[in-house]
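**Student:** give me a model of this one.
(3 chains)
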Amino acid sequence: MSMRKLKSVLAAGALTGILACGAATSAQAEDLTLCWAAWDPANALVSLSKDYEAKSGNKMHFEFVPWPNFADRMLNELNSGGKLCDLMIGDSQWIGGAAENKLYIKLNDFFDKEGIKMSDFIPATVTGYSEWPKGSPNYWALPAFGDVVGWSYRKDWFSRPELKAEFKTKYGRDLAVPKTFAELKDIAAFFQGRKIDGKTVYGAAIYTERGSEGITMGAMDVLYSFGFEYDNPKKPYELEGFVNSAKSVKGLEFYKQLYDCCVPPGSSDAYMSQNIDAYKSGQVALQMNFAFTWPGINADPNIGGEKSGYFPNPAGPDGKQFAQLGGQGISVVAASTKQKAALEYIKWFAQPEVQAKWWQMGGYSALRAVVEDPGFAKSQPYAQTFLDSMAIVKDFWAEPAYASLLQASQKRFHNYVVAGNGTAKEALDGLVSDWKDIFEDEGKY
Amino acid sequence: MLDTSIDRAARATPPAVARRIRGLSDRAIAWIFVAPSIFLLLAVNIFPLIWTIRLSFTNFRVNRPNAEVEFVGLKNYISVLTNGDIWLTMQATAHFLIATLVLQVLIGFSLAYLINKKFRGNDLWTTIIVLPMMLSPAVVGNFWTFLYQPQIGLFNYAVGFLTGTDPSSFSMIGDASLAPWAIVIVDTWMWTPFVMLICLAGLRSIPNSIYEAAECDRASKWRQFWTITIPMVLPFLMLAILFRGIENFKMFDLVVQLTGGGPGSITELTSINLKREAFEKWRTGYASAYAVILFVTVFGLASIYVKALNKVKQR
Amino acid sequence: MSYSVTDPSGRQKWIAATLVTLYAVITILPLLWIIGTSFKSPSDAIAYPPKTLFTPTLEGYVNLFTTRTRASEEELKTLGEPTTWYDRIVRRDGFIIAGPSRFPERFTNSIIIGFGSTVLCIVLGTAAAYAFSRFKVPLKDDLLFFILSTRMMPPVAVAIPIFLMFRQLGLNDTHAGMILLYTAVNLSLAVWLLKGFIDEIPIEYEEAALIDGYTRFQAFYKVVIPQAMTGIASTAIFCLIFAWNEYAFAVLLTSGTAQTAPPFIPTIIGVGGQDWPAVAAGATLFLVPVMIFTIVLRKHLLRGITFGAVRK
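**Tutor:** Next up, the predicted model:
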């Protein structure tokens, strides 16, 4: 038996020991800290957790960090062995590193013991948020919040007779939800610089942020649908001709065209919050953003309700349709001294009633019982779009070296799309060489 | 000035007096007084430096606690020095350094020269001009992104108002050709007062009698400026340049908040680049080599500069 | 008043005054804009063209100190009338206050770490400066120069080993760790400045005290310290301002417990989207004390800057 195996067996043994104790003795009141990003769903989770506090007697504390700093701060926290967080709702791409370096505890035994079955959750979220290595039944998180990139649009503008007529004469088709990215660009170009109710409006708010992951999360939506592959499906980590295929190049060129023609001024560093700003202030007709933004848009007094509609990523030139996966699973931090209480929280959170309530409060539950309920699709105007988008997801690398891989794509994409340096081919060739270097370092070749 | 006072102090404690002092000996007091500081500085400044040098020869990664740490020799140094991106970063840093120094010296000296005219209320205005340099660069830098926003930002609006261009037609932070200037403008706004204060000290150190003598010789004001004012202020100015140079070589907070290194990597200064390597990619060994190279660079450049400065002073 | 050939003429003074005033007005404008924005409503803050006249509101400050959640209209109705002025502000936009924000904690951290490191730095620095000034310490000049030169390292480079060291010692994200770190960073400059001030105190005072039967230590704190008080005060201001404004170490080495205000303020976001009035409110509360400080203590401060720089 290798040392590593021995260690994990020991760890598992210790874990079951802890759990056994937990079952035997009544839980003592604990102060638990849950770490997540600072955004609308986190506030909803605070309200949801009141029920847990009442039932368990444990007190919940929350540490929410805004998205642009989230990965930085939290990975720093995990890597420094910090004890701030007992529970971590960490981003999907962290799972590889967190699993291999034992920053999270493995949840298989816990799931078995409590009768939590991963088959009860949307398959894409299990693969995306819980598994490492991918495709193997090793679980490090419970899918907590399903999320995916999609679009919201100004339904009220789309239904104005004079705009519909003008669009029809100009493009020869109706002004409607785009079916392809090419159509989407037409619509964005149509609205760009237009005066609506005396205000200049623009086409589309898209992701262009440089510092964390913004532009990658945005460009990938287009790239996937144009035919980009992370590697050779038959030969893992073979990048040449997949990352920088002619189709990928077309995709990246398209993203730049979209940036050049149709974004509001000053969108050189825009991610979730900037796009919400642009959309809510009535500046743009279309907004690319994660699904988590939709409940907020729906409830907005100015642009919500009937004024907004939602659609999943349109298709690429070959009819392929993909969407960038967002969302997170909830994990127990290995450095935490309150793992028992933390696991109890997950047990509580996984209950179908709690998950149903989670969806009502604006949290995207990943539990199939919730989303496959016949009433789900009609329960909110964006529910169907969420289901459609969730069915076509693809995620970024979740390797332990994900941060380096992401940095490389952030830099190459931003350099080409926003700064306008070089060509799309050069950007993707550069990305292949960056990624190759990283995988070389990781001993993948 | 400083050496003489120490020597005087040392000489001024006559042995007779020293012997008569009760309590601890001077030697013991000296050590008790100095030791805590030295210990802290060794622990927090010197020891980490040595640790960095040691790490720079390994493949250590903070986020791989289970991986074996190997000695890799000069590999990290070679990959830093052969990395084309780092040279681009250096270029960005050089551009930032040169542009800010030129602007700050020109504006700072002019302001000091004007304030030295001793008009009424100069004290109040000096204080107001100094305000930006007292404030947190991260907080202020963050707010400048708001001022730089097309349309709604004050900066674009003011430029539009003065030049007649449309405020939404340009984006200081988003445009690859404007972003390097966006950071230069904010740094100049913040730190010109520093150069100004040092120059002011220099100007005030010039005795009036020199000008009076020049006046008797019928030297023109223009000539007085070039033969008296400039040479007398030069050592001060060079000091100001040294401090600003070192500070801007280290620049991190302001630019991180302003542009985050973007667009692309156009404003990615060395500190920002190093932070990405060390705290985002967690390539600790590599980043340590990078840090050592930076340290040697600054130290080397500063030493050469200080030599030049001493020559100027001796003249 | 006697006429001097070197005195600038009235016209020169007038031109100089105009130019300097113009520059000062431009330089203060962004700062006034921060303060102004903190009293704007979010829609006024992002209005085009920028608004100089607006109805002031405390919404930014309320948002700075609270976290809020959106409530449906039915929910709002069940809650009844808002009871406090800040509830009223929040309800107007369809939100309810969910709890306090993290800002007061971060601000308190800034105060604890700022003052803690300043006090420690002054205590250690004054003692060391006195020793360096009055006694022969071996390798004095080399030691001082080398210690000073470590300030040339970018903080990010220094932070790598500090991060590792603090992790070993359990000092990551603690007040004690940050106080020690800031003290060490400030100490070299503090010793340098204080040594200059102590050098200026005539040695005869101490000699007199020693002859009167004081111990060396008594002479130090009964004679030297009172004499050096001005210098100590202006050095303290520098240490405090540095620790108050520091960002790089704070962002890399702290997270939940010991994080100070500078890394926190830029991350203030509202419910969806950057809440500029709240950011401005945080910035105002954080910057205004320093501004007042600077204006009130300008004599010491300005002298300290030039003195510290020119002496090195």
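**Student:** can you tell me the closest non-neighbouring residue to whatever residue of the stretch 151-300 of chain B ends up closest to chain C?
**Tutor:** Closest to chain C within the stretch 151-300 of chain B is residue B:291: 3.4 Å, counting by C-beta to the nearest C-beta. The C-beta positions use only the backbone N, C-alpha and C, and glycine is treated the same way. If the residues on either side of it in the chain are set aside, residue B:291 comes closest to residue C:157, at 3.4 Å by C-beta to C-beta, 6 or more residues apart in numbering or on different chains.
**Student:** show me what contacts that neighbour?
**Tutor:** Residues in contact with residue C:157 (C-beta atoms under 8 Å, 6 or more residues apart in numbering or on different chains) are B:52, B:271, B:274, B:278, B:290, B:291, B:294, B:295.
**Student:** could I get those residues as CSV with neighbour count and secondary structure?
**Tutor:** Converted to CSV, the contacts of residue C:157 look like this (neighbours: other C-beta atoms under 10 Å in any protein chain shown; DSSP: H, G, I helix; E, B strand; the rest coil):
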residue, neighbour count, secondary structure
B:52, 24, helix
B:271, 24, helix
B:274, 25, helix
B:278, 23, helix
B:290, 29, helix
B:291, 28, helix
B:294, 25, helix
B:295, 20, helix
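**Student:** of the residues you listed, closest to chain A?
**Tutor:** Once C-beta to the nearest C-beta is applied, the member of those that ends up nearest chain A is residue B:278, at 10.8 Å.
**Student:** contacting residues for residue 254?
**Tutor:** Just going to use chain A. A:181, A:185, A:222, A:226.
**Student:** looking at chain C here, not the other one
**Tutor:** C:109, C:172, C:173, C:178, C:260, C:263.
**Student:** give me the pLDDT for it.
**Tutor:** pLDDT, residue C:254: 85.
**Student:** let me know the distance separating it from residue A:246.
**Tutor:** Separation of residue C:254 from residue A:246 (C-beta to C-beta, to the nearest Å) stands at 48 Å.
**Student:** then residue A:85?
**Tutor:** For residue A:85, the distance to residue A:246 equals 45 Å [C-beta to C-beta].
**Student:** more neighbours: which of these two?
**Tutor:** Between residue A:85 and residue A:246, counting by other C-beta atoms under 10 Å in any protein chain shown, residue A:85 is the more crowded of the two (27 against 11).
**Student:** contacts only, for residue C:159.
**Tutor:** Neighbouring residues of residue C:159 by C-beta under 8 Å, 6+ apart: B:278, B:279, C:248, C:249, C:252, C:253.
**Student:** so who does the residue nearest the centre of chain B touch?
**Tutor:** Residue closest to the average C-alpha location in chain B (C-alpha atoms, centre = their mean): residue B:247, at 1.8 Å. Neighbour list for residue B:247: residue B:191 [criterion: C-beta under 8 Å, 6+ apart].
**Student:** still on that earlier bit, I'd like the contacts of residue C:157 as TSV, with pLDDT appended.
**Tutor:** Listed next are these as TSV, based on pLDDT from 0 to 100:
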residue	pLDDT
B:52	91
B:271	93
B:274	94
B:278	90
B:290	94
B:291	92
B:294	90
B:295	88
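**Student:** state the pair within those that is farthest apart.
**Tutor:** B:52 and B:271 (14.9 Å; C-beta to C-beta).
**Student:** where do the strands of the stretch 51-200 of chain C begin and end?
**Tutor:** Along the stretch 51-200 of chain C, the segments classed as strands by DSSP state E, counting those that start in this stretch run C:66-70, C:95-100.
**Student:** which helices and strands does the first one pack with?
**Tutor:** Here strand C:66-70 is seen to pack against helix A:40-56, helix C:85-92, strand C:95-100 when contacts are counted using 3 or more C-beta pairs under 8 Å, 6 or more residues apart in numbering or on different chains; DSSP states H and E.
**Student:** closest residue of the stretch 201-350 of chain A to chain B?
**Tutor:** Closest point on the stretch 201-350 of chain A to chain B, by C-beta to the nearest C-beta, is residue A:268, at 2.5 Å.
**Student:** distance check, that residue against residue A:420.
**Tutor:** Distance of residue A:268 to residue A:420, computed by C-beta to C-beta: 11 Å.
**Student:** what do you get for residue C:21?
**Tutor:** 41 Å.
**Student:** span of stretch B:63-77 from start to end?
**Tutor:** 21 Å (C-alpha to C-alpha, to the nearest Å).
**Student:** sorry, wrong one. I was asking about stretch B:153-172.
**Tutor:** 10 Å.
**Student:** what residues of it count as buried?
**Tutor:** Buried residues in stretch B:153-172, counted by 16 or more other C-beta atoms under 10 Å in any protein chain shown: B:153, B:154, B:155, B:156, B:157, B:160, B:167, B:168, B:170, B:171, B:172.
**Student:** longest helix of chain C?
**Tutor:** Counting residues, the longest helix found in chain C (DSSP state H) is helix C:103-134.
**Student:** please tell me how far the closest residue to residue C:35 other than its chain neighbours sits from residue C:54.
**Tutor:** Among residues not flanking residue C:35 along the chain, residue C:284 sits closest, at 5.1 Å (C-beta to C-beta, 6+ apart). According to C-beta to C-beta, residue C:284 and residue C:54 sit 15 Å apart.
**Student:** list the contacts of residue C:160.
**Tutor:** If you count contacts by C-beta under 8 Å, 6+ apart, then residue C:160 has B:48, B:52, B:55, B:278, B:284, B:287, B:288, B:291 around it.
**Student:** distance-wise, check it relative to chain A.
**Tutor:** Using C-beta to the nearest C-beta, to the nearest Å, one gets 12 Å for the distance from residue C:160 to chain A.
**Student:** so where do the helices sit in the stretch 301-445 of chain A?
**Tutor:** Under the criterion DSSP state H, counting those that start in this stretch, the stretch 301-445 of chain A contains helices at A:339-349, A:352-360, A:368-371, A:376-379, A:383-390, A:402-417, A:424-441.
**Student:** tell me which of these lies nearest to residue B:253.
**Tutor:** Using C-beta to C-beta, the helices of the stretch 301-445 of chain A put helix A:402-417 closest to residue B:253, at 20.2 Å.
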